Each structure stands twice: as structure tokens, then as C-alpha cells.
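Student: all I have is the shape, not the residue letters:
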């Protein structure tokens, strides 16, 4: 099923995520990155951060809920059983840091069909509690066409 081009630009309700020190440490452990700035506040502060700095890919944790809102939209008609992850892109204004209260708004950036597959790109804009952009995350999903 081809995506409706009118869905491009649709925005979903923002979701809030508070970045905790333990979540940063757990994520660093999960990806196997020993960087002390992800675990030790003093190491992070020595690098100029106010608290633990999160690994860049921690942004996927922050954007998970907002992206689920998009893929669960019944008007989109996405058959998630046919989805493979096509691409991921992170554009940072500043690092994510423990103590941040982040608001993420997801939107449909592109929705198109190619070679019998439906391709969807979700843009998730992450802002801090002051409304300043922290990062934009782009996730491209490919819904494989039926055989």
C-alpha cells in the first residue's frame, strides 16, 4: 500500500523525556562504550559539561515514544511486520546531558513508494525546556512490498 503524500508534514503531539544519570550509564554499558564522561560527573565536567554527557546515539531513547506515535497512526497504514530499518541520521546542536528535560516532536518528513516498497522518514526534533533545539533525528523505515 502506498503512503498518502498528504501525510508529509504531519506533526504529532510532543512527548517529554527527563534524562537521568542512570539511564545514561545504562545506555553506555549497553553499547559497550567505556568513555568516563558517560559515567563520571567529574570527568564530564572536566570536558565542559554540567553533568554526565550521553552518547550521541542516546537520542534514539528520547525519540522512541514519539516515533511509536507516528508508526501507530492508523491513517498511515504502516504494516510494521514488513518494516526494516533503512537509515538513521543525527544532527546535533549540542550534546544531551543528564538533567535535561527534553520535548520531542515527531513529524513525517517523507513518505514515498519505490520499487514496490513504501519508504517513510520520521523527523524527531528534540528541544530542551527553554525551547532550544538540541538535535534532530531522522529515521528512515522501509515497509517491504508484498511478494
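Tutor: Thanks, I have the structure now. Treat the numbers as computed from the prediction; the structure is a model and nothing was measured. Numbers count the residues shown, from 1 in each chain.

Student: what is the neighbour count of residue 67?
Tutor: Residue 67: 20 surrounding residues under other CB atoms under 10 Å. Where you see a C-beta, it was placed from the backbone N, CA and C, and this is true even at glycine.

Student: that one reaches residue 126, doesn't it?
Tutor: No - the criterion here is CB atoms under 8 Å, and residue 67 misses it with residue 126 at 11.8 Å.

Student: tell me the secondary structure for the residue nearest in space to the middle of the chain?
Tutor: Taking CA atoms, centre = their mean, the centroid of the chain lies closest to residue 63, which sits 3.3 Å from it. Counting by DSSP: H, G, I helix; E, B strand; the rest coil, the backbone at residue 63 sits in helix.

Student: which element is the nearest residue to it once chain neighbours are set aside on?
Tutor: Leaving aside its sequence neighbours, residue 63 sits nearest to residue 124 (CB to CB, 6 or more residues apart in numbering; 4.0 Å). Using DSSP states H and E, residue 124 sits within strand 117-127.

Student: that strand - contacts with which helices or strands?
Tutor: Applying 3 or more CB pairs under 8 Å, 6 or more residues apart in numbering; DSSP states H and E, we find strand 117-127 packed against helix 59-71, strand 101-114, strand 133-143.
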